[in-house]
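**Student:** From the sequence below, what's the structure:
(one chain, ligands or ions: 2)
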Amino acid sequence: MNDRIGADVSIAARLLQEGKLVAMPTETVYGLAANALDAGAVRRIYEVKGRPSNNPLIVHVADTEQIGRYVAEMPLTAERLIAAFCPGPLTVVLPRAVGVPDVVTAGRDTVAIRVPAHSMARQLLQEAGLPLAAPSANPSGYISPTTAAHVWETLGNKVSYILDGGPCSAGIESTIVGFDGEVPVILRHGVVTREQILQVAGNVRIHSGTKILAPGMALSHYSPRTPLKLVDDPDQEMAALLPVRVGIITFDGYCGTLPREQQIVLSATGDDETAAKHLYAAMHDMDVRGYELIIVKLFPDKGVGVALNDRLERAAYGHKYDNFLKRNNTHNDSK
Ligand code: TXA
Ligand code: MG
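**Tutor:** Ligands and ions are numbered 1, 2, ... in the order given. Model (predicted):
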């Protein structure tokens, strides 16, 4: 048995008080946590993840009352959203209070803050008695972890303890909302949907444009090592690809063109929240099978499907699929 993975909240709390790094479960994904008020400990998070220093972290607190300690201003709509969705998978970006270290906000005058709903995360925050800075507990750019085993595989030897709270129930990162005056602006899609925010706040915008407001929203992110391709119809895609070794991740049913062992269905009933819960685990699983290509069926672009497609587009972005095609063509030419 590995003594650096366990469900002992007291051990995790003590290590955090000593300035160490601990992976913690949340309802969205596992976080790589450190005392947010200890600049040295927070710096270690960036080192361990290989995270660019201009990409700020989210501060996690034990309850909604504590949010006020770390922010300088609170628009009315922020208050409403917090009352409606926190504790839960919503992060608010607000002007920061003095005392929040520069390293946490990457020098910005705003701070991202959230109250996780996972019971073990809340126990940990209470017992440590500290705000915790925590990005997702994956090497920068790779798929986020939704189990303790995922964290162990990629960062296991770099953290003091992995608090095992079971598989994450939501499965993708929180929705991040900034504010333009009283208007909520979605900086990252998540399980709290645009429709839900609109209903509570009466107004909502989606951040667009070339300036990346949440610096972590790089075009390439959440990527498996295996090239990944997004399609509307995997069966049609497969016809062109045989005999390449392929795995398929589909939303709600198997495809006819490939043996079922090579496929993962995310939600047999076509429920987008269930699909979110299983998506990253499916990507991790497919990534270790040694396929040449992973094909993923796009989700209907509504509800949580918007966030899922957003993550998938970043996972597929870049040269990986192009390189795969190039390699394949070279291979064919040399025959
Ligand atoms: O569900 C989640 O949010 C998970 C769990 C562990 O809480 N955390 C997470 O953290 O996804 P991370 O670091 O992987 O993503 C945080 C995102 C990044 O894109 C970062 O750029 C953005 O939040 N962010 C943080 N502070 C910000 C700020 N002051 N202004 C704008 N964006 C900010
Ligand atoms: Mg992340």
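
**Student:** Ala281: what's it in contact with?
**Tutor:** Applying Cβ atoms under 8 Å, 6 or more residues apart in numbering, we find Ala281 in contact with 146-147, 150, 167, 171. C-beta coordinates here come from the backbone N, C-alpha and C atoms, glycine included.

**Student:** So which residue is smack in the middle of the chain?
**Tutor:** The C-alpha lying nearest the average C-alpha coordinate of the chain belongs to Glu173 (Cα atoms, centre = their mean; 3.5 Å).

**Student:** Model confidence for that residue, exactly?
**Tutor:** pLDDT, Glu173: 97.

**Student:** oh, and call the first residue 51 from now on, that's how I've got it
**Tutor:** Yep, numbering from 51; the last one is Glu223 now.

**Student:** Look at it and give its secondary structure.
**Tutor:** Following DSSP: H, G, I helix; E, B strand; the rest coil, Glu223 is assigned to coil.

**Student:** ok, now the one 5 residues further on?
**Tutor:** When states are read from three-state DSSP, the local structure at Gly228 comes out as strand.

**Student:** who touches it in this structure?
**Tutor:** Counted by Cβ under 8 Å, 6+ apart, Gly228 has contacts 142-143, 160, 234-235, 237, 257, 263.

**Student:** thinking again about what came up before, a markdown table for the contacts of Ala331, including neighbour count, secondary structure and distance to Ala171?
**Tutor:** Below are the contacts of Ala331 laid out as a markdown table (neighbours: other Cβ atoms under 10 Å; DSSP: H, G, I helix; E, B strand; the rest coil; distance: Cβ to Cβ, whole Å):
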| residue | neighbour count | secondary structure | distance to Ala171 |
| --- | --- | --- | --- |
| Thr196 | 30 | coil | 14 |
| Thr197 | 20 | coil | 15 |
| His200 | 25 | helix | 16 |
| Pro217 | 17 | coil | 14 |
| Gly221 | 26 | coil | 15 |
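
**Student:** mind putting these in a markdown table, distance to Leu316 included?
**Tutor:** Converted to a markdown table, the contacts of Ala331 look like this (distance: Cβ to Cβ, whole Å):
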| residue | distance to Leu316 |
| --- | --- |
| Thr196 | 13 |
| Thr197 | 16 |
| His200 | 17 |
| Pro217 | 14 |
| Gly221 | 10 |
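
**Student:** Relative to ligand 1, how far out is Cys136?
**Tutor:** 12 Å (Cβ to the nearest ligand atom, to the nearest Å).

**Student:** Surely that residue is in contact with Arg172?
**Tutor:** No - contact between Cys136 and Arg172 fails when scored by Cβ atoms under 8 Å: they sit 11.4 Å apart.

**Student:** Name the residues contacting each of these two.
**Tutor:** With Cβ under 8 Å, 6+ apart, Cys136 and Arg172 have common neighbours Val165.

**Student:** Compare those two (neighbour count), which wins?
**Tutor:** A direct count of neighbours by other Cβ atoms under 10 Å for Cys136 and Arg172 places Cys136 higher, at 22 against 19.

**Student:** Check the gap between Leu65 and Asn52 for me.
**Tutor:** Note on Leu65: its distance to Asn52, by Cβ to Cβ, to the nearest Å, is 15 Å.

**Student:** Could you list everything Ile345 pairs with in the sheet?
**Tutor:** Lys279, Ile298 (DSSP bridges).

**Student:** Most proximal residue of the stretch 101-250 of the chain with respect to ligand 1?
**Tutor:** Closest to ligand 1 within the stretch 101-250 of the chain is Pro185: 2.9 Å, counting by Cβ to the nearest ligand atom.

**Student:** buried sites along stretch 124-133?
**Tutor:** Neighbour counts over stretch 124-133 (16 or more other Cβ atoms under 10 Å) mark 125, 127-128, 130-132 as buried.
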